[in-house]
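Colleague: Coordinates only, no sequence provided:
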């Protein structure tokens with residue numbers, strides 16, 4: 001029964017029906033208070049509702065029950081990143097990488113955390129690893145472009161914008177960033 005409730009909770013979260021997902025996850029966790037997946041689903045629903053503190057509590061409970069699930073750690077790290085707890089987020093994503101070095105999202109979000117800490121070279125290294133694992137994910141190139149821009153490596157940033165556009169031709173922000181970078185390069189060359 002709790003497996004079915006857990007699956008229903010995940011499906012509802014995927015549909016952004018967070019209140020219903022939360023109800024389903026609560027029921028699953030009441031049926032089996034040792035079910036890490038129920039607490040994980042509950043955390044995802046709470047996170048979707050913007051209740052990050054409660055979601056973190058659920059992720060921590062899920063990790064107490066199953067500390068080897070990278071998905072739980074990735075979601076916990078995302079909340080820490082959203083809460084601007086960048087050092088804690090880096091540690092969380094490092095745990096994911098130690099558990100499963102093939103989870104590109106861990107490198108992606110560790111890179112974002114490092115970016116916010118001003119560690120642009122390390123951010124680029126993480127994003128490069130994420131790109132090795134998931135070369136067609138456009139936002140990775142956009143993240144890399146931002147770090148190159150902060151390092152005043154404008155041509156490399158522009159090249160990354162081109163890669164982002166190559167993999168997601170519908171994202172208007174990528175075109176705007178590429179245009180702004182082109183202007184910056186022109187101003188630097190003429191100025």
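Modeller: Cool, the structure landed. Only a predicted model underlies this, so the values are computations on that prediction, with no experimental measurement involved.
Colleague: is it true that residue 168 touches residue 174?
Modeller: Yes - shown here, residue 168 and residue 174 form a contact pair, counting by C-beta atoms under 8 Å, at 6.5 Å. C-beta: built from backbone N, CA, C; applies to glycine.
Colleague: how far does stretch 93-112 stretch from start to finish?
Modeller: 11 Å (C-alpha to C-alpha, to the nearest Å).
Colleague: What are the buried residues along it?
Modeller: 93, 95-97, 103-112 (16 or more other C-beta atoms under 10 Å).
Colleague: what's that stretch in contact with?
Modeller: Contacts to stretch 93-112, defined as C-beta atoms under 8 Å, 6 or more residues apart in numbering, come from residues 68, 70, 73-74, 77-78, 81, 89-90, 113, 122-127, 129-130, 133-134, 137, 139-140, 143-144, 147.
Colleague: 6 Å instead?
Modeller: 68, 70, 73-74, 77, 81, 90, 123, 126-127, 129-130, 133-134 (C-beta atoms under 6 Å, 6 or more residues apart in numbering).
Colleague: about what we covered before: residue 168 and residue 174: which is more packed in?
Modeller: Using other C-beta atoms under 10 Å, the more surrounded residue of residue 168 and residue 174 is residue 174, with 24 against 16.
Colleague: And the more buried one, how far from residue 111?
Modeller: Between residue 174 and residue 111 the distance, using C-beta to C-beta, to the nearest Å, works out to 17 Å.
Colleague: Could you do residue 57 as well?
Modeller: Distance, residue 57 to residue 111, using C-beta to C-beta: 27 Å.
Colleague: Show the backbone phi and psi for residue 187.
Modeller: Torsion angles at residue 187 (phi, psi; degrees, to the nearest 10) stand at phi -70, psi -40.
Colleague: List the residues that contact it.
Modeller: Counted by C-beta under 6 Å, 6+ apart, residue 187 has zero contacts.
Colleague: So for it, what's the pLDDT?
Modeller: Listed pLDDT for residue 187 reads 78.
Colleague: Poorly predicted segments of this structure, please.
Modeller: Applying pLDDT under 70 to the chain flags residues 1-33, 191.
Colleague: Kindly recompute the last result at 50.
Modeller: For the chain, the stretches with pLDDT under 50 are 1-2, 5-6, 31.
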